[in-house]
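1. got a predicted structure plus its sequence, pasted below:
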Amino acid sequence: MGNKDITAQAKRKIMRVGAETIVPELMDIVCEAIATSQENLDKLCKNMKKLYPEFPASDTIYRWILKYPDFAEKYRTARRAQAQLFVDQIVEISDECDDKEVAKATLRVNTRKWLASRLLIDYADKQQLEHSVTVTHEALLIEAEKISTRKE
């Protein structure tokens, strides 16, 4: 999980304050784990808890997002990094699939594209706004007369 580890001091602090209070060291470790993982949050938390008993459950992380604005911003940044990881995998998935795996590869690519379009503005679907106005000759004359009477 990178070169960060939960220090003994951080572990003691986590045990003292409990899971509902965020510890800065743990906040960084959680966000790094999210940014570098291909797993959904629940699965990631369960797997990380096997390595680090202090690692919070996914529901705790969701509460932290609501309770701590600084963590919420770091979490969004981590999710954007994770989305970029998925984007980077798209070409690899496409290039490595054989004729028997096209459907599976298509699903994997489309899922990553969808996630990227929601989390990374650069990959969002462009929306085109169309607007039409119908103006009649009669309406133009009425507006012109209103304007000319204001000037007088």
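-> Noted; the coordinates are in hand.
2. and residue 57, what pLDDT?
-> pLDDT recorded at residue 57 is 91.
3. what residues are up against the nearest residue to it once chain neighbours are set aside?
-> Spatial nearest neighbour of residue 57, excluding adjacent residues (CB to CB, 6 or more residues apart in numbering): residue 45 at 5.3 Å. Just so you know, the C-beta spots here come from the backbone N, C-alpha and C atoms, and that holds for glycine as well. Under the criterion of CB atoms under 8 Å, 6 or more residues apart in numbering, the neighbours of residue 45 are 55-58, 61.
4. count of residues packed around residue 44?
-> 20 (other CB atoms under 10 Å).
5. that one against residue 32, yeah?
-> No: taking CB atoms under 8 Å as the contact criterion, residue 44 and residue 32 are not neighbours in contact, 11.2 Å apart.
6. the helix or strand residue 111 falls within - contacts with which helices or strands?
-> Element membership of residue 111, judged by DSSP states H and E, is helix 102-119. Judged by 3 or more CB pairs under 8 Å, 6 or more residues apart in numbering; DSSP states H and E, helix 102-119 is in contact with helix 69-96.
7. pLDDT on the helix it packs on, on average?
-> Model confidence over helix 69-96 averages 91 on the pLDDT scale.
8. report the distance from stretch 141-152 to the chain centre.
-> The chain centre lies 53 Å from the centre of stretch 141-152; the measure is CA atoms, centre = their mean, to the nearest Å.
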